[in-house]
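Enquirer: Below is the structure, and that's it, no one-letter string:
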DNA sequence: AACAAAAGTTGACCCAGATCAAGGTACATC
DNA sequence: GATGTACCTTGATCTGGGTCAACTTTTGTT
């Protein structure tokens, strides 16, 4: 549902309080934001924003996974961004976006009307600064992704993708070992993310499974059995690769 | 040569005065920057910054073309950014970069020592704001590029590349028709940019030539003969594609 | 429980673009 | 004007991953 709901969660108790656009805010600044925020929810598959549409709100992603994607004339599409909790949608000074934003899983957003938000950005250096950091982080991951799309083999792409999920979940969950991770999307969406077809994604997952590097408990849930072999399969050098 | 030269060009007469990081500065703010700037020159092929190296300066690109590139363990490389005059190198709050920066042609930089520059960013909202705009522009073109790398055919990649050169030169030169444009790099570097091999780049250029869409006067200089056919070959829809 | 729809797997085949190889061309240096 | 070197072109061949197609498994609905 894209019906705005008055905020039910207090900012101070928000799960993304310390990573989102509000991360650097003090209590007073937070109060400003709290006054203009509202929540919206979307079901998996729902389009959150269409390319070219006027942005009436900007938002922090609170829960779930969303994706940014671009489409060619004949319908080929490529994901150009993956949004996880604490990532931001919309940019100061931009009233349109040049890609579609779709809910990959069920999603909850913390939305701010664009105009009031831009005033706050203007008057609150801590928000402006955090927005800059978020933009630079996105730029870094866009560049890692370009290396992946331009030069990696199908196997390397899949291995890199899994490694990224492992890293992100560590950051999110604070558990040293990760067994039982879950894919946040279908094979088709993963193909879209990696510049492959769904058949190739399926084959490469199964190849890594056969080699004992990963194992699946069901279609979505898996476990990394050999993290070193997984890393070798990414093609990245020891220190390099995705840093988030 | 990477020997810093005391500024010889006055900011007020600088060719990138109105597009670079200083674009929004008033005279007083400009004076602040002028005090800490110096010029450096690099020859085509020279590495400006190595990945991982400590950034001692940040800089605006004044003249020439530079590229950002990433490398896999086995030596495959992919360009992840192309810097043209007025583009910026280095980011506030980051003391390292995760890619190499190389002079593609002879290059002149307007450099600022990192520390003093960061103080100025902190105290000059007009600089901070402009830096944000530049970062967002880079993010947009990174995303167009991801679509290109992930989903476009060799022909579409080459056509898109040429179309970008046409657009950029229009913006730079303010001449309605562009005959006699020039490639800022070798076939090898173009391949690197587009996620292709140099042989494929050569073949696709010659295919477009045979079809009468472009023509070459020498290896570097060319002319677009049929801009509509060129656009058709990019795979982008009418309004979409690279916007810079 | 039966059925339908969505998601995933597997095999056969094919082709765009990589790879390998051999020349050709333009410019710099002596 | 000869020699070297970097750059580019062109042809022959190979192959990773796309395409097409059939089938299986899971999930949701009546």
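Expert: Perfect, thanks for sending it. Keep in mind the model is a prediction, meaning the values are calculated, not measured.
Enquirer: Could you verify that residue A:61 is part of a strand?
Expert: Yes: Residue A:61 sits within a strand when classified using DSSP: H, G, I helix; E, B strand; the rest coil.
Enquirer: dump the residue contacts of it.
Expert: Residue A:61 makes contacts with A:16, A:83-89, A:107-110, as judged by Cβ atoms under 8 Å, 6 or more residues apart in numbering or on different chains. Bear in mind the C-beta positions are built from the backbone N, C-alpha and C, glycine included.
Enquirer: and chain A, which residues reach DNA strand C?
Expert: Where proximity means Cβ under 7 Å from any atom of the strand, the interface of chain A facing DNA strand C comprises A:186-188, A:198-199, A:201-203, A:205-206, A:216, A:219-220.
Enquirer: if we go to 6 Å?
Expert: With Cβ under 6 Å from any atom of the strand as the criterion, chain A comes near DNA strand C at residues A:186-188, A:198-199, A:202-203, A:205-206, A:219.
Enquirer: do you know how far residue A:133 is from residue A:236?
Expert: Distance from residue A:133 to residue A:236, counting by Cβ to Cβ, to the nearest Å: 24 Å.
Enquirer: For these two, indicate the residue with more neighbours.
Expert: With neighbours defined as other Cβ atoms under 10 Å in any protein chain shown, residue A:133 and residue A:236 compare such that residue A:236 has more, 23 against 16.
Enquirer: Show the backbone phi and psi for the more buried one.
Expert: Note on residue A:236: its backbone torsions stand at phi -80, psi 150 [degrees, to the nearest 10].
Enquirer: one step back: most neighbours among the residues of chain A next to DNA strand C, which one is it?
Expert: Neighbour counts for these (other Cβ under 10 Å) peak at residue A:205, which has 20 neighbours.
Enquirer: element containing that one?
Expert: Secondary structure from DSSP states H and E places residue A:205 in helix A:198-210.
Enquirer: Any residue of that helix touching DNA strand D?
Expert: Yes: with Cβ under 6 Å from any atom of the strand as the criterion, DNA strand D is reached by helix A:198-210 at A:199-200.
Enquirer: by contact count, what packs against the helix or strand following that helix?
Expert: On the C-terminal side of helix A:198-210, the closest following helix or strand by DSSP H and E is strand A:214-216. Counting contacts by 3 or more Cβ pairs under 8 Å, 6 or more residues apart in numbering or on different chains; DSSP states H and E, strand A:214-216 packs against helix A:198-210, strand A:221-224.
Enquirer: what lines up beside the last one in the sheet?
Expert: Which is strand A:221-224. Next to strand A:221-224 in the sheet, as set by DSSP bridges, lie strand A:181-182 (antiparallel), strand A:214-216 (antiparallel).
Enquirer: any idea which helix or strand comes after it?
Expert: Sequence order places helix A:227-234 as the next helix or strand after strand A:221-224, per DSSP H and E.
Enquirer: Helix A:198-210 and that following helix, what's the angle between them?
Expert: Between the direction of helix A:227-234 and that of helix A:198-210, the angle (axes from the mean of the first three to the mean of the last three Cα atoms, to 10 degrees) works out to 150 degrees.
Enquirer: which residues sit against helix A:227-234?
Expert: Helix A:227-234 is touched from outside by A:152, A:155-156, A:158-160, A:162-163, A:166, A:208, A:211, A:213-214, A:224, A:241, with contacts defined as Cβ under 8 Å, 6+ apart.
Enquirer: got the buried residues for it?
Expert: If you call a residue buried by 16 or more other Cβ atoms under 10 Å in any protein chain shown, then helix A:227-234 has these buried ones: A:230-231, A:233-234.
Enquirer: Stretch A:22-42 near chain B anywhere?
Expert: No: counting by Cβ under 8 Å from any Cβ of the partner chain, chain B has no neighbours in stretch A:22-42; the shortest distance is 11.7 Å.
Enquirer: Which pLDDT value belongs to residue A:181?
Expert: In the predicted model, residue A:181 carries a pLDDT score of 89.
Enquirer: and if you look at residue A:199?
Expert: According to the per-residue confidence, residue A:199 scores 98 in pLDDT.
Enquirer: got a list of what it touches?
Expert: No contacts exist for residue A:199 under Cβ under 8 Å, 6+ apart.
Enquirer: mind checking how far it is from residue A:187?
Expert: Taken as Cβ to Cβ, the spacing of residue A:199 relative to residue A:187 amounts to 9 Å.
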